[in-house]
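[1] pasting a predicted model and its sequence here:
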Amino acid sequence: MARGGGNRSRLLLVILLVTALFFVTLDLRGVSLTKGSRSVTQTILAPVQRTVSTIFSPVGRFFGDVKNFGKTNAELKQALATNKLLKSKLAENSDTKGQLAQLKSVLDLAGRGNYKVAAARVIARGSASSFSQTITIDAGSSSGIRSNMTVISQNGLIGVVKSTTSSTSIVLLLSDPSFKVGVRIARSQSVGVLSGLGSTEYSLVLLDPSGTIQTGDILLTNGSEGNKPFVPGVPVGVVVGADNSAASLTQTATVNSYANLNDLGVVSVILSAPTTAPSKPLLPTPNPTVTVYVTPAPSPVLSPTPSASPTKKK
């Protein structure tokens with residue numbers, strides 16, 4: 001039975017070959033039967049071709065997408081890396097601009113006081129577990145910095161150098177509870193001692209029995225012998241509350257410092273300074289204020305309502 005099926009298949013193949021040779025022969029002799037047959041064949045096969053194309057074209061597109069997936073994924077990774085780099089550069093540029101602004105201000109303050117300074121960046125802060133409040137700067141003995149030198153920011157005194165290496169220095173901040181500095185009141189020239197409290201406020205004790213403290217008084221460094229650890233005339237802070245009670249043996253006050261110790265990017269160490277304070281107090285340059293002018297809206301003009309004319313009786 002299997003042999004009979006094989007014979008029929010071979011017979012069908014022979015018939016198809018003979019038919020194909022017949023149509024080829026007619027086509028070579030210019031008989032238009034082949035053209036018509038091709039048209040009929042195309043008409044019959046066209047729906048089949050469209051169906052096959054509809055079925056297999058998504059498959060072809062799928063393999064094409066798979067082929068391009070690696071390239072697209074690589075381009076996406078490259079775009080993400082570029083975006084990250086641009087964000088990093090933007091942040092770096094913003095940080096650089098902020099540091100330049102602080103450097104300009106601190107050099108302006110040093111210039112007005114005739115101080116020779118070494119500028120440095122703050123690279124670390126003291127450990128929260130330690131009892132001292134310090135910062136580390138990226139300049140040391142190779143820049144001429146030594147222990148017991150005054151350190152200032154753009155707004156005034158921030159601390160004193162405690163120790164150095166060739167390339168770094170540790171600065172004890174004004175806010176540390178162990179920090180004390182001699183100050184004088186710009187208004188009265190009375191002398192006192194300012195102490196850190198470990199916070200944003202400071203304590204002032206007046207040493208002049210005949211002196212007075214008033215809210216708003218400006219405090220400047222009084223200076224030390226040989227300008228170490230403090231040079232004279234550096235702005236320190238302003239009195240925000242005074243205790244002048246008669247029962248107190250000494251006058252005390254609460255002070256806010258000019259320098260913001262939580263916003264230190266660039267500082268300067270005073271290498272040398274005049275032995276006398278500047279003739280005028282060195283006050284921080286205030287930030288420019290922006291004035292906004294508001295033009296009031298014009299008032300509405302009310303037209304008078306015409307009164308009704310009396311009617312005449314006939």
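    Nice, I can see it.
[2] sketch out the low-pLDDT regions of the stretch 101-250 of the chain for me.
    Along the stretch 101-250 of the chain, segments meeting pLDDT under 70 span 101-107, 127-131, 246-248.
[3] strands along the stretch 101-250 of the chain, start to end?
    With strands called from DSSP state E, counting those that start in this stretch, the stretch 101-250 of the chain shows them at 116-125, 134-137, 150-153, 156-164, 169-173, 180-185, 191-196, 201-206, 218-221, 235-243.
[4] which elements pack onto the second one?
    For strand 134-137, the packing partners by 3 or more C-beta pairs under 8 Å, 6 or more residues apart in numbering; DSSP states H and E come out as strand 116-125, strand 156-164, strand 169-173, strand 266-272. Just so you know, the C-beta spots here come from the backbone N, C-alpha and C atoms, and that holds for glycine as well.
[5] residue contacts, Ile185?
    Contacts for Ile185 (C-beta atoms under 8 Å, 6 or more residues apart in numbering) come out as 192, 211, 213, 217-219.
[6] who does it form a beta bridge with?
    On the basis of DSSP bridges, Ile185 is bridged to Leu219.
[7] and it, how far from Gly140?
    35 Å (C-beta to C-beta, to the nearest Å).
[8] can you check Ser195 too?
    Using C-beta to C-beta, we find Ser195 at a distance of 28 Å from Gly140.
[9] neighbour count for these two, which is higher?
    Using other C-beta atoms under 10 Å as the criterion, Ser195 and Gly140 rank with Gly140 on top: 22 against 17.
[10] how about the nearest residue to Tyr202, chain neighbours excluded?
    Using C-beta to C-beta, 6 or more residues apart in numbering and skipping residues adjacent in sequence, the residue nearest Tyr202 is Val255, 4.3 Å away.
[11] so which helix or strand takes in the one you found?
    Assigned by DSSP states H and E, Val255 belongs to strand 252-257.
[12] tell me who's in contact with the nearest residue to Gly198 once chain neighbours are set aside.
    Sequence neighbours aside, Pro177 is the residue nearest to Gly198 in space, at 4.9 Å (criterion: C-beta to C-beta, 6+ apart). Residues in contact with Pro177, defined by C-beta under 8 Å, 6+ apart, are 131, 195-198.
[13] these two touch, right, Leu207 and Val193?
    Yes - counting by C-beta atoms under 8 Å, Leu207 touches Val193, with 6.6 Å between them.
[14] what's the farthest-apart pair in the contacts of Pro177?
    Taking C-beta to C-beta, the two most distant members of the contacts of Pro177 are Phe131 and Ser195; they sit 15.0 Å apart.
[15] what pLDDT does the model give Val292?
    What the model reports as pLDDT for Val292 is 46.
[16] actually, Leu11.
    pLDDT at Leu11 comes out at 76.
[17] and it, that's in a helix?
    Yes - assigned with DSSP: H, G, I helix; E, B strand; the rest coil, Leu11 falls within a helix.
[18] can you tell me how far it is from Thr19?
    Taken as C-beta to C-beta, the span from Leu11 to Thr19 is 13 Å.
[19] ok, now Thr164?
    In terms of C-beta to C-beta, Thr164 sits 105 Å off from Thr19.
[20] for Ser190, same thing?
    From Ser190 to Thr19 the distance is 126 Å (C-beta to C-beta).
[21] Gly265 touches Val122, doesn't it?
    Yes - look at Gly265 against Val122 with C-beta under 8 Å: they come within range, at 6.0 Å.
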